[in-house]
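# Using only what follows, build the 3D model:
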Amino acid sequence: MRVPLSRIAHTRSGDKGDTCNVGVIAWEDRFYPILLREVTAERVKAHFGALVEGPVERYELPNLGALNFLLHGALGGGGTVSLRTDAQGKTFGAALLNLSIEIGPGELPGV
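All right, here's what the predicted structure looks like:
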């Protein structure tokens, strides 16, 4: 069954220059393995399409039940030079929560 990422995680995002930083944090420890499996750098890059011009890096933080993504070339040059609506990357986290992920039987209560 496919569900939005928001069912198992929340996000925080920000920026540094032209790089957007998105942290994806599992709501419960038992959801972290699903994040590892479903939320890859390749899927994140594909989800944002042309908005992310450079590579996407993924860092695993098992002690926090979280993943951290760096989206290079995602902010149109950065806050001081970009004409994008979100040149500081604050909405990238919210947008990532719409990523469709696969949930297996028993991985999510009520599903």
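
# which residues of this protein fall in helices?
32-38, 41-48, 92-96 (DSSP state H).

# which sections of the protein are below the confidence cut-off?
In the predicted model of the chain, residues 77-90, 109-111 satisfy pLDDT under 70.

# go with 50
82-84, 86-87 (pLDDT under 50).

# how about a markdown table for the helices of the chain, with distance to residue 104 added?
(Glycine included, C-beta is placed from N, CA and C.) Listed next are the helices of the chain as a markdown table, based on distance: least, C-beta to C-beta, whole Å:
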| stretch | distance to residue 104 |
| --- | --- |
| helix 32-38 | 8 |
| helix 41-48 | 17 |
| helix 92-96 | 21 |
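
# Mean neighbour count, those helices: which tops it?
helix 92-96 (a mean of 20; mean count of other C-beta atoms under 10 Å).

# so how far is that one off the chain centroid?
6 Å (C-alpha atoms, centre = their mean, to the nearest Å).

# And it, what does it pack against?
strand 9-16, strand 19-26, helix 41-48 (3 or more C-beta pairs under 8 Å, 6 or more residues apart in numbering; DSSP states H and E).

# Could you dump the ones you listed into TSV with distance to residue 68 added?
Shown next, in TSV, are those (distance: least, C-beta to C-beta, whole Å):
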stretch	distance to residue 68
strand 9-16	9
strand 19-26	5
helix 41-48	11
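
# picking that back up, quick one, which of the helices of the chain gets closest to residue 26.
helix 32-38 (4.6 Å; C-beta to C-beta).

# Next, the contact list for the spatially most central residue of the chain, please.
Closest to where the C-alpha atoms of the chain average out (C-alpha atoms, centre = their mean) is residue 96, at 4.8 Å. For residue 96, the contact set (C-beta atoms under 8 Å, 6 or more residues apart in numbering) comprises 5, 11, 13, 22, 24, 44, 47, 48.

# what about the residue nearest to residue 98 when sequence neighbours are not counted, how many neighbours?
Distances taken as C-beta to C-beta, 6 or more residues apart in numbering place residue 4 nearest to residue 98, at 5.6 Å, with adjacent residues excluded. Close neighbours of residue 4, defined as other C-beta atoms under 10 Å, add up to 13.
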